[in-house]
Every structure is written in C-alpha cells, then in structure tokens.
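> Curious how this folds, go ahead:
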Amino acid sequence: MSFNKLAQRLGRVRHKATPRTLYLHIGCHKTGSTSIQQALISHKSYLAQNGINLYHQRPDGLLRKIGNVHPWLRFDHFENRGSRIVDGFFESVDATGGDVLVSSESFSYFFDCQEISFLINEFRRSFDRIMVIVYIRRQDRLAISHHQQGSRRSAVFATKLYGCRSTALPAYDKSLDQYLDFDRRLGIWADQVGDHNMVIRIYHQDSLRDSDAVSDFFGLLGLQPQHPCSRANVSNGLVKTKVGHLMNQLQYPVSLSNHIAKYLDNTGKMTPSRADAIEFYERYRLSNSRLNERFKINKLPYLFDDDFNEYPKEAEDVWTVRTLNLAIENIAEAISGLVLLAPGEGELLISAAHKLKSDFPGLSDKLFQLGENYIATDKCRLFSRDVFRISDYLREECTEESANDILMGLLNSLRATPILADREIDLVRASAKQLEAIDPSLSEVLKEMILTDRITA
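Sure thing, here's the model as predicted:
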C-alpha cells in the first residue's frame, strides 16, 4: 500500500472522534429510487440543516444532477465477481463529513458476501453506524417492471439479468434468484451491518407513508418533504418496450436505438396472464416468509399480498395488427430525418479526423471511430435511399412470431446501413466547424453530407 493511501486511511480513522452514521440506500430497482434521488437533490440544503449530508459526487470531483453514486460502481461482467468500486470512493465519501446519505440501486447488484463484506468494512473505517435502507416489491411486479426497464438500450445490467425476450415477464432462470430471493440477498447485508440496522420497506401504496415512496423515505429520516416531488422513471408502453427488446437482441448501436425509441408509441401496458404471474411469484413465497420471520416486517404470512386481480386472464403482451403497424409507422417516422451516407463518405470522415488530430485530438478520435464504423457498415449495405416503403411492411394479419420477424428484418436492414443519427450528426457538424480554418473545402463537404441524403419514408 502506498504512503498516500495509508495516510488517507489513517485520516479516516481520526475523523471518528465524533460518532457518525451512514445511511446507505441500496434500492431495489423500480421501487421509486429515481424519484427519491431527485427529491434528495432538491432537498439537499434541508437535509444538511437537519444533520444529513447528501453525497452525490462523481469520480472526477463534479457533482451529479441526481442524488446517486452510480458512476462509482463498475461491473466488468454481470457476475458479482466482476464488480468493483472505483478507487477513491470511500475516501471521497468520508471527506463529506458528518452523517452521510449514499444512494444507488446498483448496490442491489452486489450478490456476493465477500463483496458486501468489503464494502461495509471500508465504510466502518469512517462511520460508527451503517443503516441500510431498502425497498422491496412482490417479485412478479418487480420482475415485470425491471424487465421492461431492460428494454432501454442504456439499462445494460437489467438486460443481462432478465434477457431480451419481448414479453411482460422474463423467462425464469435460476440466475434470477440472486436478485429476487430477498431472504438470501438481504440476509447477506444484514449479516454485515446487523439486523437492527436493516430498514426493509414494502413498495406498495398501502404500505408507504402517504402512499408515496419519497414521503416514506424522508419519514425514515425523521423528516418531511418540503415541496411536492414528481414521479420519475415510469414504465414504457407496449410498442416502445417490445421494439426496445428487439433492438437489444440485435445489439443495436446506442445512438440509433435511443433515436428510434423517441418516436415509438408509449401507450398501453404489457401484462402477463394471471396464471403466469402467480406461477412466477410462487417460487419466492417461502423465502419471503423466512425474511419476514427474521425481520418482523409486517404481519402477513408471506410478506406480500396475494391479490393478483390486477392481471387479466389472458396475457396482454403480444403483437396485434394495430400495434405492429403502429410500430412500423413509428420506425418510418424515426428514420425519415436521418442521414444516409453515400459510398465512400466513411473515408471522408477519416480524412477529416486526420486533419483535426493535432489541434482537436478528442474530436478527431471520435470522428475516426465513426468513419471506421461506417466503412465496415458500407460493405454490407442493405438499405438504400428512397426504397423504404411502408406498404412493404404493413400487415392485415399477424402472429407474434411473424410480427417479430417483420420488425427484426426491418431493424436488421437499418442496423446494417451507414446511417447518421442525432449524436453522429452533431459530431460531424462540430468537426466541420473546426475544419473551416484548416481545410475549408473539406469543411463544406462535411456540411453538405449532413444537410442532404435524408432517408425518405
């Protein structure tokens, strides 16, 4: 261990002259965490006035606009052994001083006792008491909502956990238990901090103070929200969710996926059949009972209610002719404003990148990578200008399998085509601007590239 790191740790020990408490909010996902974290930011001064300092710093020292520590947690692989905490995290939290509140539902992806033990032991160097706050939800409801979140291209870990099947419920796999078996997972945390330092709340309007997660969370701290707080990170609709899962199956480029998602219909709710929801939940009833016996959370025998009337008799998560055609029309609208590169324009991007290298190395590197990507894509061009006709894809009847095949074919064609989405267009525009003084003629070529050759649908 270097002298500096040793000195930092010794310094952290000396800070413990005044007893300190760490409030560690670990999720779970889809239990109001984002709403809580937004409320923490808007109440930061109020929290400080009441002796609680919110920690929301990034590894680069800047403050996040939301009250969580996501950037400090890295997962090289989804398995917990691949997780790690960015160097400097514990020292940075310690330097905040006083009692500190740390929030991230990504802590719920820590499944291994050694990983959790390391985390708690490091925090103990600075804090005398560690209170773990966690909200849990009946497993069928949580899995539906969390799996839906995985349809978003940015929700990498949810996708890895639940897969990309475009149904309301994920396909059950034993690996889901590492997240959804609350008795085992929360038991590991409790073994480290002590049962009396575990605050386990049921995420259901009948169990929350004022039927609201934000109000409930503040109540745990002995506080009251000082102004109304809106809900955040709400679930997506049927078309947006199902197309999102299909794009994830194809490992769609993030920028193109996000661009298309903005145009997808966001109405309707995906729900499994009542029988499927019950079957999924039954796997966890006994472990829920064990959790309740240990922590005395409520008086229900299996911790959660047994009401499944929210689900229809038949699943409502399959394509219909209306939703399939709506998805096709949405995708057509999304691509109508994109730029389709002509053959050889990938090489022009690389040429521009070389011109920018000495004066604008960061911009040059991004442009060079973009050019490389589109040279590779151009070799397998499947989608040409002015050939996309909605009538080629719209249907008067469909099955779930045929609808997925139609959409996968369309999405595959787009994926294998040199298209510039919004972020790439902005990159080319910025490059053209910087090239004005270096190579005016090449600058004009780049400007022309993003002003013409729009895809028509």
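> quick one: the helices in the stretch 301-450 of the chain?
Using DSSP state H, counting those that start in this stretch, the helices of the stretch 301-450 of the chain run over 321-335, 345-356, 361-378, 400-415, 422-435, 440-451.
> So for the fourth one, what gets flagged as buried?
Neighbour-count burial for helix 400-415, with 16 or more other CB atoms under 10 Å as criterion, is recorded at 403-404, 406-407, 410-411, 414-415. (Each C-beta comes from the backbone N, C-alpha and C, glycine too.)
> Which of those residues sits closest to Cys28?
Asn404 (30.0 Å; CB to CB).
> pLDDT score for that closest one?
Here, the pLDDT recorded for Asn404 equals 94.
> Wait, it touches Arg165, no?
No - the criterion here is CB atoms under 8 Å, and Asn404 misses it with Arg165 at 10.3 Å.
> Need the residues touching each of these two.
Residues touching both Asn404 and Arg165 by CB atoms under 8 Å, 6 or more residues apart in numbering: none at all.
> Centroid-nearest residue for the protein?
What sits nearest the mean C-alpha location of the chain, by CA atoms, centre = their mean, is Ala155, with 3.3 Å.
> give me the number of residues near the residue lying closest to it once chain neighbours are set aside?
Spatial nearest neighbour of Ala155, excluding adjacent residues (CB to CB, 6 or more residues apart in numbering): Gln149 at 5.0 Å. For Gln149, the neighbour count with other CB atoms under 10 Å is 21.
> got a list of what Gln149 touches?
For Gln149, the contacting residues are 29-30, 155, 158, 233, 235, by CB under 8 Å, 6+ apart.
> Next: Leu324.
For Leu324, the contact set (CB under 8 Å, 6+ apart) comprises 395, 398, 403, 406-407.
> How far off centre is the helix or strand harbouring Phe90?
In the assignment (DSSP states H and E), Phe90 maps to helix 89-95. Distance, stretch centre to chain centre, for helix 89-95: 25 Å (CA atoms, centre = their mean, to the nearest Å).
> Quick one: name whatever helix or strand follows that helix.
As assigned by DSSP H and E, the chain's next helix or strand after helix 89-95 is strand 99-103.
> now the angle between strand 99-103 and whichever helix or strand comes after that next one, please.
Going down the chain from strand 99-103, the next helix or strand is helix 113-124, by DSSP H and E. Following axes from the mean of the first three to the mean of the last three CA atoms, to 10 degrees, one obtains 150 degrees for the angle between helix 113-124 and strand 99-103.
> so how far is helix 113-124 from its chain's centroid?
With CA atoms, centre = their mean as the basis, the mean position of helix 113-124 lies at 24 Å from the chain mean.
> Mind checking the pLDDT average for that helix?
Here the average pLDDT along helix 113-124 is 96.
> Restrict it to CA atoms and write it as CSV.
Provided in CSV are the C-alpha atoms of helix 113-124 (Å, rounded to 0.1, in the frame of the first residue of the first chain):
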residue,chain,number,x,y,z
CYS,A,113,-21.0,-11.9,0.6
GLN,A,114,-17.3,-11.1,0.1
GLU,A,115,-18.1,-8.1,-2.0
ILE,A,116,-20.6,-6.8,0.5
SER,A,117,-18.3,-7.5,3.4
PHE,A,118,-15.5,-5.5,1.8
LEU,A,119,-17.9,-2.6,1.2
ILE,A,120,-19.2,-2.5,4.8
ASN,A,121,-15.7,-2.9,6.3
GLU,A,122,-14.4,0.0,4.3
PHE,A,123,-17.3,2.2,5.4
ARG,A,124,-16.7,1.2,9.0
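> neighbouring contacts of it?
So helix 113-124 is contacted by 22, 24, 80-81, 83, 85, 90, 93, 107, 110, 130, 188-189, 191-193 (CB under 8 Å, 6+ apart).
> again, only this time at 6 Å
The contact list for helix 113-124, computed with CB atoms under 6 Å, 6 or more residues apart in numbering, reads 22, 80, 90, 110, 130, 188-189, 192.
> shouldn't Trp319 be in contact with Asp405?
No - Trp319 lies out of contact with Asp405 (CB atoms under 6 Å); the separation is 10.7 Å.
> residues near Ser207, how many?
Neighbourhood size, Ser207 [other CB under 10 Å]: 16.
> swap in the one 10 residues further on?
The burial count assigned to Phe217 is 28, neighbours taken as other CB under 10 Å.
> Now do the same contact list for it.
Ile36.
> same check, this time on Ala261
Taking CB under 6 Å, 6+ apart, one finds nothing in contact with Ala261.
> which residue packs closest to Phe304, ignoring adjacent ones?
Arg138 (4.1 Å).
> Can you check the pLDDT for that neighbour?
Turning to Arg138, the model gives it a pLDDT of 98.
> ditto for the one 3 residues further on
The predicted structure scores Arg141 at 98 on the pLDDT scale.
> roughly how far apart are it and His147?
Applying CB to CB, to the nearest Å, the value for Arg141 to His147 is 11 Å.
> Looking at those two, which one has more neighbours?
Set Arg141 next to His147 and count neighbours by other CB under 10 Å: His147 wins out with 28 against 19.
> Let me see the ranges of the helices in the stretch 1-150 of the chain.
3-14, 33-42, 44-49, 89-95, 113-124, 139-149.
> Can you give the contact residues for the second one?
Identification of contacts with helix 33-42 by CB under 6 Å, 6+ apart yields 27, 54, 66-68, 103, 105, 213-214, 217, 229, 231-233.
> for the chain, which spans come out with low pLDDT?
Along the chain, segments meeting pLDDT under 70 span 1-17, 76-83, 232-233, 337, 376-391, 416-418, 452-457.
> need the longest strand for the chain.
Longest strand of the chain, by residue count under DSSP state E: strand 129-136.
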